[in-house]
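Trainee: next one to model:
(one chain, ligands or ions: 2)
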Amino acid sequence: MIYCNSKNVLLVIASTMAIFWLSACQDEDMLPAVGDPGELISALPETVQYPIDNPYTVEKEDLGRLLYWDPILSGTKDVACVTCHHPDFGYADGLKFSQGVGANGLGPGRSGGLRTMRNAPTVINAAFNGIDNNGFYDPALSPMFWDNRAESLEGQALLPMLSKEEMRGGAIAEGAIIDTIIQRLYAIPEYVAKFEQAFGSNDINQDRILAAIATFERGIIANNSRFDRYMRGDLNALSGFEIEGMNAFIQVGCADCHSGPMFSDYKLHTIGVQDNINPPDRGATNTFDFRTPTLRNLSVTGPYMHNGIHETLEEVMEFYEEIAEGEDDALNSNVSENQLDPEMQDLQLDDDQINEIIAFLNTLNDNSFDKTIPTSVPSGLPVGGNID
Ligand code: HEC
Ligand code: HEC
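Mentor: Ligands and ions are numbered 1, 2, ... in the order given. Down below sits the predicted model:
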C-alpha cells in the first residue's frame, strides 16, 4: 500500500480504512514502485513561523503592508515593492526581467526605465523558504533570491532599496538611501504614529522598516492547494490522472531537486538553462547554477526560470525532455553535458509522462492568497508606484 499513499495520509487513516485503501490500490494500473511520495514531498504547514526577534503583531503587519505598497521607499518615489510583486500577477510581475526605476505600467505591460538582470520570483510562500520535508525551517535563515545570496525576509527586504535598477535610481548614493528614506518617513505623521503602534516607540530605523515589511510578507501564503488537502488526508482531492502525475514526477527524478513542501531543496544546481542576456548570467558561483525554485502557484508565476526564458509549462517540460534525450542544442552553450548536476544527467522522461506531470503541477495552485490593495498610502503618492 505504501506505493500509492503518503506518510501523512498513513498517519491519519485508521487501520480499517487502510484495508479498503490497500484493495483500491491493487485494482489500479500502477506505475513501478516510486516509494512513499511523502518521503520526498509533503503538505505545507497550516501556519507560518516568525523569527524569535520579530514576532507577529497586527500593527506591524499593517505598517508593513503600507511600506510594501508605498513608493516613498524608492529614491525616485515611483517604485514600490509591489510594483514587481503584485497580487494581480501572483506577487510577481509576469515579465522576463523586471522593470524598475523610471518604468511605467504593471505586469507584462510594464516598460521603459531600468531593467533588472533576473526574473522576479513570487513573494507568495517565500515565508516558507528553506523548509525541509519534515516541516523544519528557521525563518531567520530562510534563503532568498535565485542564488540564495540573502538570508531571511528581513535581510532580503533591504536589498531592493539599495539596488539602483529596482528602487534607488541613480541620484541618491547607496550609502545615503536608507537615511533619506528614514527622514522621509519621519516627515509623515501617519508613519510616525504607525511605527509607535507597531514597536512601542516612535523611532524609525532600518531594522524596524525591514521587520514590518517581513511581517507583512509572512501573511502572503497559499498553503491549501488540492495537493495539500490530499496529503492531509482528503483522498478525493486529486484525480487518478493527477496521482499518476505525482508518481511520475517522483519516478523520473523531478523530486530529487523539487522536494519538500515547497518543491525545492533550496540548493543550487546546474541544469543548463539557455541564456538570453549578454554577458550571460553565471549565478553566484560563476558556474551557471541557480536555486531550485518552488513549483507552487506556477499558474500565476510565469514566465519561468531565472531569466524567464520559458513562457509555458509545456516549454519547460520540452526543455527537460530534450536534456533527458541528450540533445546538446537544448543546453546553455557555456555548459557541457558532464557539467550538469548528476540528478539532471539521470533524468528520464517520455511524452506520456509530460501531460501527467503538468496535470500534477496544476494541483499545486492555490489562489486563496491575500490580494488586498490599500486605497491610499501615507505618503499620498500613487498606491504601488507608477503602475497605471
Ligand atoms: C524592479 C522590480 C523589483 C522591486 C521593486 C522589488 N523586487 Fe523583489 N525581486 C525582484 C527580482 C528581479 C528578484 C530576483 C533577484 C535575484 O534573484 O537576483 C526579487 C526577489 C525578491 C524576493 C526573493 C524571493 C525568493 O523566493 O527568493 C523577495 C522576498 C522580494 N523580492 C521581496 C521584495 C520586497 C520586500 C521589495 C521592496 C522592498 C522588493 N522585492 C522590490 C524584483 C523586484
Ligand atoms: C538537478 C535538479 C533539478 C531537477 C532534477 C529538476 N529541476 Fe526543475 N529546476 C531546477 C532548477 C535549478 C531550476 C531553475 C533553473 C534556472 O532558473 O536557471 C528549475 C526550474 C524549474 C521550473 C521553472 C519554475 C519557475 O518558477 O521558474 C519548473 C516548472 C521545473 N523546474 C519543473 C521540473 C520538473 C517537472 C522536473 C522533472 C521533469 C524538474 N524540474 C527536474 C532544478 C531541477
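Trainee: C-alpha only now, for contacts and for neighbours.
Mentor: Fine.
Trainee: so for the residue lying closest to Ser225 once chain neighbours are set aside, what's the pLDDT?
Mentor: In space, Ser225 comes closest to Asp366 once its chain neighbours are excluded; the distance is 4.7 Å by C-alpha to C-alpha, 6 or more residues apart in numbering. According to the per-residue confidence, Asp366 scores 98 in pLDDT.
Trainee: what do you get for Met30?
Mentor: pLDDT, Met30: 43.
Trainee: ok, now the one 5 residues further on?
Mentor: pLDDT, Gly35: 69.
Trainee: does any part of stretch 308-317 sit near ligand 1?
Mentor: No: on the criterion C-alpha under 6 Å from any ligand atom, stretch 308-317 is out of touch with ligand 1, staying 10.3 Å away.
Trainee: got the contact list for that stretch?
Mentor: Contacts with stretch 308-317, where a contact means C-alpha atoms under 8 Å, 6 or more residues apart in numbering, come from 95-97, 118-119, 274-276, 302-304, 354, 358.
Trainee: pull out the buried positions in it.
Mentor: Residues of stretch 308-317 classed as buried: 308-310, 313, 316-317 (neighbour count, 16 or more other C-alpha atoms under 10 Å).
Trainee: do me a favour and get the end-to-end distance for it?
Mentor: For stretch 308-317, the separation between the terminal residues is 14 Å (C-alpha to C-alpha, to the nearest Å).
Trainee: so who does the residue nearest to Ser225 touch?
Mentor: Counting by C-alpha under 8 Å, 6+ apart, Asp366 touches 222-226, 296-297.
Trainee: and the residues you listed, which are buried?
Mentor: If we count by 16+ other C-alpha under 10 Å, the contacts of Asp366 have these buried: 222-226, 296-297.
Trainee: just the strands in the protein please.
Mentor: Assignment of strands within the chain using DSSP state E yields the ranges 143-144, 150-151, 268-269, 290-291.
Trainee: show me what the third one packs onto, helices and strands only.
Mentor: Yep, that's strand 268-269 we're talking about. Packed against strand 268-269 by the contact rule (3 or more C-alpha pairs under 8 Å, 6 or more residues apart in numbering; DSSP states H and E) you find strand 290-291.
Trainee: circling back: can you redo the strands of the chain as JSON lines with mean pLDDT?
Mentor: Written out in JSON lines, the entries for those read as follows (pLDDT from 0 to 100):
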{"stretch": "strand 143-144", "mean pLDDT": "98"}
{"stretch": "strand 150-151", "mean pLDDT": "97"}
{"stretch": "strand 268-269", "mean pLDDT": "96"}
{"stretch": "strand 290-291", "mean pLDDT": "96"}
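Trainee: now those in a markdown table, with distance to Asn129 and mean neighbour count?
Mentor: Conversion of the strands of the chain to a markdown table gives the following (distance: least, C-alpha to C-alpha, whole Å; neighbours: other C-alpha atoms under 10 Å):
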| stretch | distance to Asn129 | mean neighbour count |
| --- | --- | --- |
| strand 143-144 | 6 | 24 |
| strand 150-151 | 10 | 18 |
| strand 268-269 | 14 | 20 |
| strand 290-291 | 11 | 24 |
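Trainee: adding distance to Phe89, write these out as TSV.
Mentor: Rendered in TSV, the data for the strands of the chain read as follows (distance: least, C-alpha to C-alpha, whole Å):
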stretch	distance to Phe89
strand 143-144	20
strand 150-151	23
strand 268-269	26
strand 290-291	22
